[in-house]
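Asker: requesting a structural model of the entry that follows:
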Amino acid sequence: MIRETHELLTARRNIIQPVLKIYIKCLIGFRSKERLEKELLKFGIGISEIKQGMIEFQNITEDQLLELKTIFFDLGFDVVDDESSKMLDQISELIEENIENAVKDYSVSLDAKIKGMNEEITKVFSQVHGVSLSQYITVRQVEHIKGNLLYEDNNLRDIADLFHYKSEAHLKRTFKDVTGLTPSYYKEIKRKRLVVRAEIFLN
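Answerer: Numbering: from 1, shown residues only. Have a look, this model is predicted:
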């Protein structure tokens, strides 16, 4: 029975997975990413995405992923352990779910849920993403607001209410702090797109 279980686990580790991830602490800056990309090219492994704190791979096995973690560790990169990686995924999913559902005071409820997971996880989260948890939530929220500005018909007052900002001025200030641009800039992009589409349709 033990042998059969071991064989099953070994077989599963050798099955090619569509997507697997590695989280790395303090992966900040172009040089760190460039160094990692050079190492990955040596293995001919497909990279779905590489960004601050996370590398996503395509079509590799769990054994290959484990080997990569060892190589990254030997290169001096601080790879996040499997348990913490799962927690980071859960936190990211909670943030997206709460923002998408526009849950009131979601940052408070998220904080409580995360602390219930592990007291150290917020520290790991910050080390991986390079910002505090609250800053990350704000950035993700602004990304959702961008989508609202570009693809929905809500005015700024509606958007401020939807995302629980105190006022339009508060939303504008936060939006510009994160993006360096104003909400009206994205509204103008939307307007120009509609004009181009109308011209194509008429022609």
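Asker: from now on I want contacts and neighbour counts done on CA atoms only, so please keep to that.
Answerer: Will do.
Asker: now do the buried residues in the helix or strand where Lys42 lies.
Answerer: Using DSSP states H and E, the element containing Lys42 is helix 30-43. For helix 30-43, the neighbour count (16 or more other CA atoms under 10 Å) marks Lys33, Leu36, Leu40 as buried.
Asker: how about those in a markdown table, adding distance to Ser184 and pLDDT?
Answerer: Converted to a markdown table, the buried residues of helix 30-43 look like this (distance: CA to CA, whole Å; pLDDT from 0 to 100):
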| residue | distance to Ser184 | pLDDT |
| --- | --- | --- |
| Lys33 | 34 | 72 |
| Leu36 | 38 | 74 |
| Leu40 | 41 | 74 |
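Asker: for those residues, which one is nearest Phe201?
Answerer: Using CA to CA, the shortest approach to Phe201 within the buried residues of helix 30-43 belongs to Lys33, at 43.5 Å.
Asker: in which helix or strand would I find the residue nearest to the spatial centre of the chain?
Answerer: Nearest to the geometric centre of the chain sits Ser92, at 6.5 Å (CA atoms, centre = their mean). Using DSSP H and E, Ser92 falls within helix 82-100.
Asker: what is the mean pLDDT for stretch 131-140?
Answerer: Stretch 131-140 carries an average pLDDT of 88.
Asker: right, I'll leave it there.
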